[in-house]
Every structure is written in C-alpha cells, then in structure tokens.
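Colleague: Test case, fold it:
(one chain, ligands or ions: 5)
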Amino acid sequence: MASKSHPVKTSKTVLKRFLDLEQPKEYCQVEYIWIDGTGEGIRSKGRTLDFVPKEAKECPIWNYDGSSTWQSDGCNSDLYLYPRALFKDPFRGGNNKLVMCDVYKHNKEPVESNKRNNCADVMEKAKDLAPWFGIEQEYSLLDFDGYPLGWPKQGFPGPQGPYYCGVGSDKVYGRDVVEAHYRACLYAGITISGINAEVMPSQWEFQVGPCEGIKMGDELWVARYILLRVAEEFDVRVTFDPKPIPGNWNGAGAHCNYSTKPMREDGGLTEIEKAIDKLSLKQKEHIRAYDPKNGQDNARRLLGSHETSSIDQFSAGVANRGASIRIPRQVAEDKKGYLEDRRPASNCDPYSVTEIVVRTTVLE
Ligand code: ADP
Ligand code: MN
Ligand code: MN
Ligand code: MN
Ligand code: MN
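Modeller: Numbers count the residues shown, from 1 in each chain. Ligands and ions are numbered 1, 2, ... in the order given. From the prediction side, this is the model:
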C-alpha cells in the first residue's frame with residue numbers, strides 16, 4: 001500500500017479572493033493534458049493564449065520535458081504535444097479550456113505510450129460503421145494514508161453486500177467527490193451518462209458514452225483528469241488500480257460497451273454474435289491490450305470470481321456477469337443493440353481497448 005503523506009492544507013477562502021479577480025477578456029488559460037510513459041499516469045501544464053480557441057486544432061502545438069515523464073532521455077528530451085480534443089475548464093471556469101493531447105518525438109513519430117495515433121487510424125477506417133462505445137469507469141477513493149476512504153484504520157468494513165448503489169453514511173464513502181465530478185464533467189462537455197456506488201465500499205463508477213470512434217478515448221481520459229483534480233480539492237486520493245484490495249473484495253474494471261450501426265439496426269443481434277465469434281479467437285491479444293502492463297494488472301483481477309471471467313478463457317452469455325462478453329438482457333429481447341466487453345481493467349488505455357475491439361470485429 002502507498003506510503004503515508006498528509007494532505008497539504010492551504011486556504012480555499014484565500015484562493016477564492018484571487019480566482020474572483022477579473023480575468024482579461026482577451027486572454028484564455030488552456031491546460032494541456034497528456035498521458036505519461038507509464039501509459040496510465042496523467043500530466044498537465046497550463047499556458048495563456050491571446051484568443052479563445054473553438055477547436056483543439058486552433059491551440060498551438062506545444063512541448064515538454066519527456067525525460068521527466070519516462071518518455072525520453074535527458075540529452076534529447078523535448079516531446080511535442082498535439083492538441084486533439086477541447087473541453088471547457090470546470091476548475092478555472094469562464095472561457096478557459098482543457099485540451100487533451102497526444103505525444104510525438106522530435107521526428108514527429110508517436111512515442112511508445114501514444115496509443116491514440118493508431119486508434120485514430122483504425123476509427124477512420126471504420127467510420128462508415130459508426131462504432132459507438134460506452135465505458136464504465138470503476139475507481140476507488142483512498143484516504144491520504146492510502147487506505148480506502150472511510151474504512152476502519154485497523155481491520156476491514158463488513159463484507160460486501162450493502163454497498164453497491166448504497167445510500168447512507170454507513171454504506172458509501174466520498175459521495176461529495178462523486179457529485180462534484182459528475183457536475184464538472186457535464187460542464188466540461190464530457191458525455192458522462194451516469195454514476196453509481198460499487199460493490200466494494202469506497203469504490204465508485206462513472207459511465208462515459210455513447211461516444212463515436214476516437215472520442216471515447218479522448219473523453220474518458222479527460223473525465224479521469226477531472227476526477228483526479230476534483231479529488232485534490234477534497235484531499236482525497238483516487239486509484240484506478242484494478243485490484244486495490246486483494247482477497248474478498250471486488251476489483252475495478254472498465255467494461256467497454258460497443259456497437260456498430262448494423263448491430264443497432266433491426267436484427268442486429270446476428271451482427272453482435274458474429275463479432276463475439278471473432279472476439280473468441282483473440283483472447284490473448286485482447287488481454288494484452290486491456291491494461292497498461294500487457295495483462296499483468298488484470299491477472300490480479302480476472303480470477304473468475306467477483307463478477308469476472310477467467311483471464312485465460314473466453315466466454316460469452318446473455319446477462320452473464322461472469323463472462324468475458326455479456327449480451328445485456330434487453331439487447332437479447334430487442335434482437336439489436338450492443339455487447340459489453342467486461343475484460344478491460346480500470347487502468348486500461350481506452351485508445352488501446354477501442355482500437356482492438358474495432359480491429360478484431362470489423363477490420364480483420
Ligand atoms: P451495466 O448494466 O453493465 O452496469 P451501465 O449502465 O453502467 O451498464 O453502462 C452502460 C453503458 O453502455 C453506458 O455508458 C451507455 O452509454 C453505453 N451504451 C448504451 N447503448 C450503447 C450502444 N448502442 N453502443 C455502445 N454503448 C452503449
Ligand atoms: Mn521550466
Ligand atoms: Mn455499470
Ligand atoms: Mn460496475
Ligand atoms: Mn457493466
């Protein structure tokens with residue numbers, strides 16, 4: 001478990017005096033966001049623009065020191081940030097923006113941790129099929145000492161059962177963070193479709209989608225960024241680890257709900273079944289793409305228990321939460337809709353997940 005570190009106490013009242021100062025109309029603050037060399041860590045830095053951008057591509061290409069993010073050597077450290085998706089900034093408000101970027105080397109080749117570049121190519125090839133995604137992002141809130149928020153400091157809370165979608169201060173911990181994040185995402189322009197408390201106490205979920213193509217990855221990364229920033233305000237930590245507490249406690253996933261236009265049309269269930277057949281032949285490849293450590297993180301989570309399937313065996317079923325792929329009951333009844341891939345870990349890169357789902361099901 002992470003080492004102890006007490007939150008640094010500053011004054012929100014004093015901060016507000018400065019944030020309330022009038023901001024010059026012709027200037028705008030833009031926070032550039034990117035993924036670091038771990039493939040799961042998020043970094044950001046801010047700059048002032050003398051205009052208000054309406055699209056990401058109006059924001060200038062920028063750079064940073066990749067040797068400080070495990071992405072390049074000190075002797076050739078500069079990496080490029082290419083702005084890709086623009087959102088309103090729920091922290092600074094006004095005309096200020098967040099911009100999701102991807103990262104390129106000095107020779108304009110994508111860095112190894114840039115999974116967006118390839119994902120964008122695949123989504124472009126599949127665009128006539130209008131692939132939609134909805135990702136259920138599970139995560140856990142931790143106290144400053146690294147223990148789950150609200151858990152007794154010595155020992156454990158009562159066994160799982162009363163906490164999923166729970167209500168009441170003995171059932172859920174950290175709802176302030178969840179509510180603030182939900183509203184901040186809506187303000188920013190994220191397609192956040194819902195939230196719920198999860199099976200393990202102090203574990204929560206938010207859903208982003210349906211989003212078409214490359215937007216899924218862009219929006220989920222920015223929603224994660226917003227969650228980390230909101231949690232800073234409450235002196236709470238967030239972990240996206242897929243099995244934060246070993247043993248009889250549910251892990252955390254990022255179920256990927258997926259459909260193409262033919263799947264959403266009448267009789268689309270046959271298209272869904274065809275996609276499942278293709279997915280069944282590529283279990284190993286998908287597991288490698290579903291966490292940032294080629295399956296090692298998911299090995300702690302996909303144990304075939306606690307609402308997960310086995311990491312080695314592909315399975316599919318209607319309403320089956322112990323399967324790799326679940327066909328929601330309603331979809332089976334309507335004979336059209338979408339499938340749910342339950343395998344991606346909570347710390348997955350959604351660019352890698354959506355890329356391989358589309359490549360396997362419709363491009364190969
Ligand atoms: P669960 O029952 O597994 O907990 P949730 O309600 O948490 O499901 O999440 C379902 C997700 O599926 C939402 O993000 C929603 O936007 C997404 N979704 C709904 N319809 C489609 C579709 N046709 N294609 C892709 N995603 C979809
Ligand atoms: Mn500097
Ligand atoms: Mn869900
Ligand atoms: Mn869930
Ligand atoms: Mn689900």
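Colleague: Which of the three states applies to residue 317?
Modeller: Classification of residue 317 using DSSP: H, G, I helix; E, B strand; the rest coil returns strand.
Colleague: where's the residue in the stretch 1-150 of the chain positioned nearest to ligand 1, which helix or strand?
Modeller: Taking C-beta to the nearest ligand atom, ligand 1 has its nearest neighbour within the stretch 1-150 of the chain at residue 134, 2.3 Å off. Any C-beta I mention is one placed from the backbone N, CA and C, and that applies to glycine too. Residue 134 belongs to strand 132-142 when assigned by DSSP states H and E.
Colleague: Nearest residue to the middle of the protein?
Modeller: residue 220 (4.2 Å; C-alpha atoms, centre = their mean).
Colleague: and it, what is it in contact with?
Modeller: 135, 137, 208, 254, 350 (C-beta atoms under 8 Å, 6 or more residues apart in numbering).
Colleague: partners of the second one in the sheet?
Modeller: Which is residue 137. Per DSSP bridges, the residues bridged to residue 137 are residue 206, residue 254.
Colleague: who are the neighbours in contact with it?
Modeller: Here residue 137 is in contact with 205, 206, 207, 208, 220, 223, 224, 240, 254, 346 (C-beta under 8 Å, 6+ apart).
Colleague: Quickly note the distance from residue 205 to residue 223.
Modeller: Distance, residue 205 to residue 223, by C-beta to C-beta, to the nearest Å: 12 Å.
Colleague: cool, residue 352 as well?
Modeller: In this view, residue 352 and residue 223 are 17 Å apart by C-beta to C-beta.
Colleague: What does the pLDDT read for residue 185?
Modeller: pLDDT recorded at residue 185 is 99.
Colleague: coming back round to it: checking my notes, the residue nearest to the centre of the chain in a strand, right?
Modeller: No: counting by three-state DSSP, residue 220 is located in no strand; its state is helix.
Colleague: and the residue lying closest to it once chain neighbours are set aside, how many neighbours does it have?
Modeller: Of all residues not flanking residue 220 in the chain, residue 350 sits nearest, at 4.4 Å (C-beta to C-beta, 6 or more residues apart in numbering). Each residue near residue 350 was counted by other C-beta atoms under 10 Å, and the total is 27.
Colleague: And residue 28, by the same measure?
Modeller: The number of residues packed near residue 28 is 21, by other C-beta under 10 Å.
Colleague: hey, what's it bridged with?
Modeller: When bridges are called by DSSP bridges, residue 28 pairs up with residue 49.
Colleague: And for residue 101?
Modeller: Taking DSSP bridges as the rule, residue 101 bridges to residue 83.
Colleague: coming back round to it: in contact with the residue nearest to residue 220, which residues?
Modeller: Neighbour list for residue 350: 133, 135, 216, 217, 220, 221, 254, 256, 344 [criterion: C-beta under 8 Å, 6+ apart].
Colleague: Distance to residue 154 added to the residues you listed, as TSV?
Modeller: As requested, the contacts of residue 350 are exported to TSV (distance: C-beta to C-beta, whole Å):
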residue	distance to residue 154
133	42
135	36
216	42
217	41
220	36
221	37
254	32
256	38
344	34
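Colleague: List buried members of those residues by neighbour count.
Modeller: Taking 16 or more other C-beta atoms under 10 Å as the criterion, what is buried in these is 133, 135, 216, 217, 220, 221, 254, 256, 344.
Colleague: buried residues in the helix or strand that contains the fourth one?
Modeller: Which is residue 217. Assigned by DSSP H and E, residue 217 belongs to helix 215-233. Across helix 215-233, burial judged by 16+ other C-beta under 10 Å covers 215-231.
Colleague: in stretch 311-328, what's buried?
Modeller: Quick answer for stretch 311-328 (16+ other C-beta under 10 Å): 311, 314, 315, 316, 323, 324, 325, 326, 327.
Colleague: cool, and stretch 238-251?
Modeller: For stretch 238-251, the neighbour count (16+ other C-beta under 10 Å) marks 238, 239, 240, 241, 242, 243, 244, 245, 249, 250, 251 as buried.
Colleague: any idea how far the fourth one lies from residue 157?
Modeller: As defined by C-beta to C-beta, residue 241 lies at a distance of 18 Å from residue 157.
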